[in-house]
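Q: Sharing a model prediction with you, sequence too.
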Protein chains: 2
Amino acid sequence: MNLFESLEETLEKYIPLDELKEVRRILFGEGTKMLELPQCAQEAARQRDFQLLGCQFGAAREQLRPPHTIRVGLVQNAVVLPTSAPIMDQIDALHRRIGDIVEVAAMCGVNIVCFQEAWTMPFAFCTREKVPWTEFAESAEEGHTTRFCQKLAEKYNMVVVSPILERDESHGATLWNTAVVVSNSGRVLGKSRKNHIPRVGDFNESTYYMEGDTGHRVFQTQFGRIAVNICYGRHHPLNWLMYSVNSAEIIFNPSATIGGLSEPMWPIEARNAAIANHCFTCAINRIGTEHFESEFTSGDGKKAHHDFGHFYGSSYVAAPDGSRSPGLSRTRDGLLVAELDLNLNRQISDKWGFKMTGRYDMYAKELAEAVNENFTPNIVKE
Amino acid sequence: MNLFESLEETLEKYIPLDELKEVRRILFGEGTKMLELPQCAQEAARQRDFQLLGCQFGAAREQLRPPHTIRVGLVQNAVVLPTSAPIMDQIDALHRRIGDIVEVAAMCGVNIVCFQEAWTMPFAFCTREKVPWTEFAESAEEGHTTRFCQKLAEKYNMVVVSPILERDESHGATLWNTAVVVSNSGRVLGKSRKNHIPRVGDFNESTYYMEGDTGHRVFQTQFGRIAVNICYGRHHPLNWLMYSVNSAEIIFNPSATIGGLSEPMWPIEARNAAIANHCFTCAINRIGTEHFESEFTSGDGKKAHHDFGHFYGSSYVAAPDGSRSPGLSRTRDGLLVAELDLNLNRQISDKWGFKMTGRYDMYAKELAEAVNENFTPNIVKE
């Protein structure tokens, strides 16, 4: 199959420069500039066969605050080994791959890196098999993968956001879909669980774990206040809102989603959240097609099959002013390095005022009424 | 000034067909088809010098419900007379222009038509002058414009959504930014006021009227349940949500917004709302540049000037499946006729389940806490 590589590259290829400028302004906003990255990083990315892209979002100078410029790294990747390989081998191969990419992120001065959802495993929930996939689950605090991330964090002085399948031994050995946040000191700062679980297409995740119970906590890191809205939570504007109300400056959205299902929604949702909440959002999607030995059906009347579809990558950063970065490739591993001046958040908030004009008191009341069993919609009839 | 005419036309002009297909799928989704409109309507639109565009959004056949296919009309237009002309002349000229366009909408079988925000006047709030602009205000129930819309509604058996500057004589002769909904019977079904008022750029509307007090009512028409989220309310995801919670099937967003400020946000917000709320949304923006006799400043350190900027049109319809219609022109008056099968809403809701998985009880509680004066954001520190 000849996969379409990139929207941005296609536009550049065909549209004359003066009109391209207008197309880009309307599609992507005006805030994004390219970011020059070190030669050694570019060379390493070439050798290690992944796309490396840099961009920056500036802010106006202020008198009382210095610029708050930091760099985030978004990593998208395919699984390395076949899904039939021994589990520990699959995990270790992914650790090595991610280690290689994070080393390049460090060359690029990345302060906070985020990996894709359930990054240590294939996205096997489509199969509805418990065995062997639940063996990929690990302790958020003390698991093999968290220890690996702690080493990366310490070595590179980098905050690491590590979304894994969590085994919670303290609560009946239940499973969760969880992002572990490791401080650049190497200490585990905490964890944030996926708040909304899909029941759509082959996203049979509700078979494995429940809606998260960690609310909308935000993590104060040395580089800024971050939150993690995992995958399907991006479809829920209230989920983004509450992270923002709890003062997140950057909300990461580590995801796993496929072309046939969600692709026209992908450029919309995280970007809308950045606009509506005066913050940066980072949308990350895995790439590739993962094959499973056992066949499975999709509840759509079609024949049983062995893969979930094509994860289309296209990871991007969206800014509060409505602009966005180019997307990473639809087909290749990649690292997107984005330099953000977090001062932009408050500047845009002062300009547009969505928090000030938000009328949250009205909505708190209306929502509380709406969840009553006896709620009747307010419908005017002739 | 040579204004950029249309994103869609530029893409079509330059990108080869096989790649254009992929570009369109990613940018606009796959749900939209062109809708053939009658020759007489096309001819009338040509003669009356406005763009006429048709599109359709289908839905799967069901066993227990027949298709629920209706047609909406979105009207975008420039003001007709100079802003210095006598007020009654300006209003009457706009009535005539809209009358001409609605006649074509009727030829196209439109069941529900919606005009742009404050359609009977120039968007004069930029000036901060009370005189003469507040004279454009009319009674929602008995004003000259409402009577005009009632005649249209009866004549064409068409629901008319008429956003005006309202004079509320019953409450101290205050002003409101209000959409009047006229049933196809010709009776006024009710009104819906703008819930969020901007304080951004030259949108000095808070000088003239306050946040609406009509909540999130929905209007049951013969053709479907509709709601009106006026202009700046589109930046507030909760506003869309509550109309949807009150069971709107189509949410109109009559607007007035300019290129330098909001254009990269425009294709995002109404579309995100359609996705997040499993409903159709209709974003309508006026066109043209309106000149005012008195100069005014913009609070940006720049010199006084006589216009607000270019209203960029680009009106469009977004569907719950993530697809959208082409946008109308950035520079011309236009009528977008969209055929919608409203069965798509519940089909997409059953597929994606955002209402089911919305956890509104959690958000009602969190929002109620967040509006407390003593609320402390939930921030995890090392």
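A: Now that the structure is in, tell me what you want to look at.
Q: just so I have it, where are all the strands in the stretch 101-250 of chain A?
A: Counting by DSSP state E, counting those that start in this stretch, the segments of the stretch 101-250 of chain A that form strands are A:112-114, A:159-168, A:174-182, A:188-193, A:218-221, A:224-228, A:250-255.
Q: Just checking: what are the partner strands of the last one?
A: Pointing back at strand A:250-255 there. Paired strands of strand A:250-255, with direction, are strand A:224-228 (parallel), strand A:280-285 (parallel) (DSSP bridges).
Q: Now do the helix or strand where A:Met88 lies: everything it contacts.
A: Element membership for A:Met88 (DSSP states H and E) is helix A:87-107. Under the contact criterion CB atoms under 8 Å, 6 or more residues apart in numbering or on different chains, helix A:87-107 has outside partners A:37-38, A:40-41, A:44-45, A:48, A:50, A:52, A:73, A:75, A:77, A:79-81, A:83, A:85, A:113, A:115, A:119-122, A:132, A:135-136, A:144-145, A:148, A:152, A:155-156, A:158, A:160, A:333, A:335, A:337. For glycine as for every other residue, the C-beta is placed from the backbone atoms N, C-alpha and C.
Q: from the residues you listed, which would you call buried?
A: A:37, A:41, A:44-45, A:50, A:52, A:73, A:75, A:77, A:79-81, A:83, A:113, A:115, A:119-122, A:136, A:145, A:148, A:152, A:156, A:158, A:160, A:333, A:335, A:337 (16 or more other CB atoms under 10 Å in any protein chain shown).
Q: just to revisit the earlier point, the strands of the stretch 101-250 of chain A into TSV, with extra columns for mean pLDDT?
A: Output for those, formatted as TSV (pLDDT from 0 to 100):
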stretch	mean pLDDT
strand A:112-114	99
strand A:159-168	98
strand A:174-182	98
strand A:188-193	98
strand A:218-221	98
strand A:224-228	98
strand A:250-255	98
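Q: Highest mean neighbour count out of these?
A: strand A:250-255 (a mean of 28; mean count of other CB atoms under 10 Å in any protein chain shown).
Q: for the helix or strand just after it, packing partners?
A: Next helix or strand after strand A:250-255 toward the C-terminus (DSSP H and E): helix A:259-262. In terms of contacts (3 or more CB pairs under 8 Å, 6 or more residues apart in numbering or on different chains; DSSP states H and E), helix A:259-262 is packed against strand A:305-312.
Q: Show me what the strand it packs on is packed up against.
A: Helices and strands touching strand A:305-312, by 3+ CB pairs under 8 Å, 6+ apart, are helix A:259-262, strand A:287-296.
Q: among those, which gets the worst mean confidence?
A: With a mean of 86, helix A:259-262 has the lowest mean pLDDT of the helices and strands packed on strand A:305-312.
Q: Identify each buried residue in that one, please.
A: Buried residues in helix A:259-262 (16+ other CB under 10 Å): A:259, A:261-262.
Q: hmm, back to that, next, format the strands of the stretch 101-250 of chain A as TSV and append distance to A:Gln347.
A: What follows is the strands of the stretch 101-250 of chain A, written out as TSV (distance: least, CB to CB, whole Å):
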stretch	distance to A:Gln347
strand A:112-114	21
strand A:159-168	24
strand A:174-182	26
strand A:188-193	27
strand A:218-221	20
strand A:224-228	15
strand A:250-255	15
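Q: So which of those is nearest A:Lys302?
A: strand A:250-255 (24.2 Å; CB to CB).
Q: How far away from the center of its chain is the closest one?
A: Computed by CA atoms, centre = their mean, to the nearest Å, the chain-centroid distance of strand A:250-255 equals 3 Å.
Q: Just want the angle from that strand to strand A:188-193.
A: 60 degrees (axes from the mean of the first three to the mean of the last three CA atoms, to 10 degrees).
Q: List the neighbours of strand A:250-255 that are in contact with it.
A: Residues outside strand A:250-255 that contact it (CB under 8 Å, 6+ apart): A:72, A:112, A:114-117, A:119, A:161, A:163, A:179, A:224-231, A:233-234, A:240, A:243-244, A:270, A:273, A:277, A:279-286, A:340, A:342.
Q: how does it look with 6 Å?
A: A:114, A:116-117, A:161, A:163, A:224, A:226-231, A:234, A:243, A:270, A:280-285 (CB atoms under 6 Å, 6 or more residues apart in numbering or on different chains).
Q: same deal with stretch A:23-31?
A: For stretch A:23-31, contacts defined as CB under 6 Å, 6+ apart pick out A:15, A:57, A:319, A:321-324, B:7, B:10, B:263-264.
Q: got it, and stretch A:309-319?
A: Counting by CB under 6 Å, 6+ apart, A:31, A:57, A:74, A:76, A:258-260, A:263, A:270-271, A:274, A:280-289, A:324-325, A:327-330, A:336, A:338 sit against stretch A:309-319.
Q: okay if I get the buried residues of helix A:259-262 as JSON lines plus distance to B:His196?
A: What follows is the buried residues of helix A:259-262, written out as JSON lines (distance: CB to CB, whole Å):
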{"residue": "A:Gly259", "distance to B:His196": "36"}
{"residue": "A:Leu261", "distance to B:His196": "32"}
{"residue": "A:Ser262", "distance to B:His196": "29"}
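Q: and of the strands of the stretch 101-250 of chain A, who's closest to B:Lys351?
A: Proximity to B:Lys351 (CB to CB) singles out strand A:250-255 among these, at 18.0 Å.
Q: Next, the angle from that closest one to strand A:174-182.
A: 140 degrees.
Q: returning to that earlier point: which of the contacts of stretch A:309-319 are buried, as a ChimeraX select command?
A: In ChimeraX, a selection of the buried entries from the contacts of stretch A:309-319 looks like this (16+ other CB under 10 Å):
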select /A:31,57,74,76,258,259,263,270,271,274,280,281,282,283,284,285,286,287,288,289,324,325,327,328,329,330,336,338
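Q: any idea how far A:Leu261 is from B:Val317?
A: 22 Å (CB to CB, to the nearest Å).
Q: Where does pLDDT dip in chain A?
A: Residue ranges of chain A with pLDDT under 70: A:1-2.
Q: one more time with 50
A: Low-confidence segments of chain A, defined by pLDDT under 50: A:1.
Q: rewinding a little: between the buried residues of helix A:259-262, which sits nearest chain B?
A: Nearest to chain B among the buried residues of helix A:259-262: A:Ser262, at 7.4 Å, using CB to the nearest CB.
Q: Write out the residues of the stretch 151-300 of chain A neighbouring chain B.
A: Residues of the stretch 151-300 of chain A lying close to chain B by CB under 6 Å from any CB of the partner chain are A:183, A:189-190, A:196, A:199-200, A:217-220, A:235, A:237-238, A:242, A:245-247, A:263-265, A:268-269, A:271-272, A:275-276.
Q: Of these, keep whichever come out buried.
A: By 16+ other CB under 10 Å, these give A:183, A:189-190, A:196, A:199-200, A:217-220, A:235, A:237-238, A:242, A:245-247, A:263-265, A:268-269, A:271-272, A:275-276 as buried.
Q: residues near the residue of the stretch 1-150 of chain A found nearest chain B, how many?
A: Going by CB to the nearest CB, chain B is nearest to A:Gly29 of the stretch 1-150 of chain A, at 3.6 Å. A:Gly29 sits with 22 neighbouring residues when counted by other CB atoms under 10 Å in any protein chain shown.
Q: Skipping its backbone neighbours, what lies nearest it in space?
A: Spatial nearest neighbour of A:Gly29, excluding adjacent residues (CB to CB, 6 or more residues apart in numbering or on different chains): A:Ser323 at 2.8 Å.
Q: swap in A:Arg225?
A: Leaving aside its sequence neighbours, A:Arg225 sits nearest to A:Glu249 (CB to CB, 6+ apart; 4.8 Å).
Q: do A:Leu336 as well
A: A:Leu74 (4.3 Å).
Q: give the contact list for A:Gly212.
A: A:Gly212 neighbours (CB under 6 Å, 6+ apart): A:193-195.
Q: Go again with 10 Å.
A: With contact set as CB atoms under 10 Å, 6 or more residues apart in numbering or on different chains, A:Gly212 has these partners: A:166, A:176-179, A:191-197, A:230, A:233, B:359.
Q: now A:Gly224
A: Taking CB under 10 Å, 6+ apart as the definition, contacts of A:Gly224 comprise A:68, A:70, A:72, A:111-112, A:159, A:248-250, A:279-280, A:340, A:342, A:345.
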